[in-house]
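1. Sequence and predicted structure below; questions after.
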Amino acid sequence: MASSLGWTGVAEGVVFDCQSCGACCSYSAEWPRFSTEDDAQLDRIPQKFVSADLSGMRCDGVRCSALSGEIGKHTACGIYELRPDVCRACMPGGDDCLMARAAHGLPLVGLPLEGGDCSPTPLAPPQAARYLPRRAGAAEDL
């Protein structure tokens, strides 16, 4: 299965690892806005992480207050299971991800996988493949 996906990189494959990135959570104070969440979903987000006007996540500058760690090194979301829809919609390797990574000067091609395992993981969805070089002879439709 892995060989048919066409993933490639420095080793045998690449992956966008959100826990060593965090760029999307520190891109713009306008980005983490509430839009499609229902009241029950919003009520679960701890108030200390919600902006004063209740329109989105509270940010310290452009950085979401729920983000911990150092951008590009090791990061974590303090409310991962409760995060708003806009955060769930930002997919590793997607347009928003790549835009935020570029703004922070982070590589746009992902990280090499250890041992050459190219199988898709939650950190490397199939749609990320369109940003990666294709391996010769790989399946054309992912």
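-> Good, I have the coordinates. Numbering: from 1, shown residues only.
2. alpha carbons only for contacts and neighbour counts from here, please
-> Fine.
3. which residues in this structure form helices?
-> Using DSSP state H, the helices found in the chain span residues 2-5, 39-43, 85-89, 95-103.
4. wait, which of those is closest to C18?
-> When the helices of the chain are ranked by distance to C18, counting by C-alpha to C-alpha, first place goes to helix 95-103 at 9.4 Å.
5. can you tell me which residues contact the residue lying closest to L42 once chain neighbours are set aside?
-> What sits nearest to L42 in space, not counting adjacent residues and going by C-alpha to C-alpha, 6 or more residues apart in numbering, is P84, at 7.6 Å. When contacts are counted by C-alpha atoms under 8 Å, 6 or more residues apart in numbering, P84 is found next to 32, 34, 37, 41-42.
6. ok, now K48?
-> If a contact means C-alpha under 8 Å, 6+ apart, then K48 has R58 as its contacts.
7. any idea how far it is from A66?
-> Distance check for K48 against A66: by C-alpha to C-alpha, to the nearest Å, it reads 9 Å.
8. what does V109 give?
-> Counting by C-alpha to C-alpha - V109 and A66 are separated by 26 Å.
9. what ranges do the strands span in the chain?
-> For the chain, strands defined by DSSP state E occupy the ranges 14-15, 59-60, 63-64, 67-70, 74-77, 111-112.
10. For C97, find the nearest of the ones you listed.
-> Here strand 14-15 is closest among the strands of the chain (C-alpha to C-alpha), at 12.5 Å.
11. where does the protein have low pLDDT?
-> The chain contains residues with pLDDT under 70 at 1-14, 110-142.
12. please redo it, this time with the cut-off set to 80
-> Residues of the chain that meet the criterion pLDDT under 80 lie in 1-16, 109-142.
13. hmm, back to that, of the contacts of P84 - the most surrounded one?
-> The residue in those with the most neighbours, by other C-alpha atoms under 10 Å, is P32 (26 neighbours).
14. now the contacts of P84 in TSV, with distance to G94?
-> Formatted as TSV, the contacts of P84 follow (distance: C-alpha to C-alpha, whole Å):
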residue	distance to G94
P32	16
F34	20
E37	21
Q41	25
L42	25
